[in-house]
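Chemist: Pasting the sequence and the predicted model now:
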Amino acid sequence: MRLGAVLGSGALLVGVLSGCSGAAPGADSGETDTDAALAQDVTLTWWTWSDNTQAQADAISEAYPNVTFDVVKLENPDAVVTKLQNAVKAGKGAPDIVPVEYQTVPQLTLGGALADLTPYGLDSYESSFTASTWNSVNVEGKLVAMPSDSGPMVMIYNTGLYEKAGITEAPTTWDEFATASAAIHAADPEAYIANSGDAGFFTSMIWASGGQPFTTDGENVTIDLQDEGTKKFADFWGERLAAGELSGLSTWSDEWTKALTQDKLGTLLMGSWMISGMDDYGPAGRFEVAPMPTWDGEPASAENGGSGLAVTAQSANKAAAAGVLKYLAEGEGRALLNENGFPSTIADLENPEWLDHPYESYGGQPANQVGAASAESVLPGWQYLPYQGYANNVFSDSVGKALGSGGDLNEALLEWQDTLVKFGDEQGFTVNQ
């Protein structure tokens, strides 16, 4: 469930912009009755990066005996995007069902890779999902995926490390976070409140700070990596960086894991999918989960990771594939998805049994309550670039370098912006004009 940078997926699907989409519609019958489609003999190809998809497919086949699946396991989200892009360019070879990270939904939609699910009635599920995840799968007036999991941000912190520095309560504001940051590093020069982060972290923190640096309207893209929210976070994080209070360890690296387990890294600012993932980082009870700090103490959060399921434009079995997504939208089908991710469905986020589940990792804390509250406070209006994969990939050339060297983050953001404007123009978009 980790948030993954879409490394290598920078090649934009440019068919739509050039006026000639490579996403051949296939031999789909045009049938929109999903129940009728699922009652017929059909084999659906389902690409995935998850180890759990085959079990889900088997369960769906039990519910719909005429439906069989050819599950194709690929290495990671990047591999799925790359393979789908190649299929679009070739005009053939796409599966029926494909997972899509929220950050790459605009890219794949504008490239003509994903089918509009509205004709199959999936738009009726809008009230079932959190506003942020539903917004993530609606692009240019089309519903192009159904939300699977979500990643409203929380703060997971090492209570012992904080207390050693004299901090007895979780910071509720960024000013309090700054105080804790200085105290932790002063108490132990080898300890840090957090690591400096990567592209996914940085964009989520900009979002949580009220920034909206990316907007897209058709072929017109606006990039402003010095808007108020973006600059607010860059200034704050740059101060921590200049003070030497942030670790340079790469998230998920062996060294990062070692720092967590040896009480040298005090805080994870991540999606709520990480709530259930702390068993590998030391004895139970060392960590607690708290809401994200905010600028004024009022709840404000962002999504950090998560994905949905889509039907491809090339599928010859769109109605049946859409029927599978309907099954997975609620009831037993949704329970299958929720077994391995943080929910995006409101009913599940409000389920008392789930909310009150005690986590041994946090000494019995019902930490899902914090994640559910975060889902309600995700700030509206966020958009990803229609080439977010490329943006994440080149982040290390500018902002990443500044994070590693203690450089000026605002200057680095402007350098990143220049790169993104140039790339967008090369891909056929009209950027910042």
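Modeler: That came through fine.

Chemist: the strands in the stretch 301-433 of the chain, which residues?
Modeler: 307-311, 430-431 (DSSP state E, counting those that start in this stretch).

Chemist: do the stretch 101-250 of the chain as well
Modeler: Here the stretch 101-250 of the chain has its strands, by DSSP E, counting those that start in this stretch, at 138-139, 142-143, 146-147, 153-158, 194-195, 214-217, 220-223, 246-247.

Chemist: Residues contacting the third one, please?
Modeler: What that stands for is strand 146-147. 117, 122, 125, 129-130, 133-134, 136-137, 306, 308-310, 325, 328-329, 344-345 (CB atoms under 8 Å, 6 or more residues apart in numbering). Backbone N, C-alpha and C define where each C-beta goes, glycine included.

Chemist: can you rerun that using 7 Å?
Modeler: Outside strand 146-147, the residues that touch it by CB atoms under 7 Å, 6 or more residues apart in numbering are Leu122, Phe129, Thr133, Trp134, Val137, Gly308, Leu309, Leu325, Leu328, Ala329, Ser344.

Chemist: Repeat that for the fifth one.
Modeler: Contact partners of strand 194-195, identified using CB under 7 Å, 6+ apart, comprise Leu246, Ser247, Gly248, Leu249, Thr251, Trp256, Leu265, Gly266, Thr267, Leu269.

Chemist: Run a quick neighbour tally on the closest residue to Val431 other than its chain neighbours.
Modeler: Distance criterion CB to CB, 6 or more residues apart in numbering; nearest residue to Val431, sequence neighbours excluded, is Gly424 at 3.9 Å. Neighbours of Gly424 under the rule other CB atoms under 10 Å: 24.

Chemist: same check, this time on Tyr125
Modeler: Look at Tyr125: counted by other CB under 10 Å, it has 18 neighbours.

Chemist: cool, Glu350 as well?
Modeler: A count of neighbours around Glu350, defined by other CB under 10 Å, yields 11.

Chemist: Distance-wise, check it relative to Ala199.
Modeler: Distance of Glu350 to Ala199, given as CB to CB, to the nearest Å: 32 Å.

Chemist: so which pair among the contacts of strand 146-147 is furthest apart in space?
Modeler: Within the contacts of strand 146-147, Trp134 and Leu328 form the most distant pair, 15.1 Å apart (CB to CB).

Chemist: Is Gly160 in contact with Asp263, as I believe?
Modeler: Yes. The pair Gly160 / Asp263 is scored as a contact, 6.4 Å apart, by CB atoms under 7 Å.

Chemist: Mind jotting down where the helices sit in the stretch 1-150 of the chain?
Modeler: Taking DSSP state H, counting those that start in this stretch as the test, the helices found in the stretch 1-150 of the chain are 15-18, 34-38, 53-63, 77-90, 105-110, 131-136.

Chemist: Which elements pack onto the fifth one?
Modeler: Looking back up the chat, that one is helix 105-110. If contacts are counted by 3 or more CB pairs under 7 Å, 6 or more residues apart in numbering; DSSP states H and E, helix 105-110 sits against strand 138-139.

Chemist: what's the model's confidence in the strand it packs on, averaged?
Modeler: Mean per-residue pLDDT for strand 138-139: 96.

Chemist: now stretch 375-391
Modeler: Taken as a whole, stretch 375-391 has a mean pLDDT of 97.

Chemist: and what of stretch 191-204?
Modeler: For stretch 191-204, the mean confidence score works out to 97.

Chemist: which residue is nearest the centroid of this protein?
Modeler: Most central in the chain under CA atoms, centre = their mean is Gly305, positioned 1.8 Å from the mean C-alpha point.

Chemist: Just to check, it is in contact with Ser272?
Modeler: No. Here Gly305 does not reach Ser272: they are 9.2 Å apart, not a contact under CB under 7 Å.

Chemist: Give me the three-state assignment for Glu288.
Modeler: Put simply, Glu288 is strand when judged by DSSP: H, G, I helix; E, B strand; the rest coil.

Chemist: Going forward, count from 43.
Modeler: Taking 43 as the first residue, the last one we looked at is Glu330.

Chemist: Report the contact partners of it.
Modeler: Contacts of Glu330 (CB under 7 Å, 6+ apart): Tyr199, Thr201, Tyr404, Gln407.

Chemist: Reformat those as TSV; add neighbour count, distance to Pro148 and pLDDT.
Modeler: Below are the contacts of Glu330 laid out as TSV (neighbours: other CB atoms under 10 Å; distance: CB to CB, whole Å; pLDDT from 0 to 100):
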residue	neighbour count	distance to Pro148	pLDDT
Tyr199	24	33	98
Thr201	19	39	97
Tyr404	20	35	97
Gln407	19	36	97
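
Chemist: Now the two most distant members of those.
Modeler: The distance between the two most remote of the contacts of Glu330 (CB to CB) is 11.8 Å, for Tyr199 and Gln407.

Chemist: Tell me how far Leu427 lies from Glu372.
Modeler: Remark: distance between Leu427 and Glu372 (CB to CB) = 32 Å.

Chemist: between the two, who's got more neighbours?
Modeler: Per other CB under 10 Å, whichever of Leu427 and Glu372 has more neighbours is Leu427, with 25 against 14.

Chemist: Spatially nearest residue to that one (excluding sequence neighbours)?
Modeler: Of all residues not flanking Leu427 in the chain, Phe256 sits nearest, at 4.8 Å (CB to CB, 6+ apart).

Chemist: With adjacent residues omitted, what lies nearest to Gly253?
Modeler: Gly271 (2.8 Å).

Chemist: Quick check: that neighbour touching Ala250?
Modeler: No. Counting by CB under 7 Å, Gly271 stays clear of Ala250, with 8.4 Å between them.

Chemist: neighbour count winner among the two?
Modeler: Shown here are Gly271 and Ala250; by other CB under 10 Å, Ala250 has more neighbours (27 against 19).
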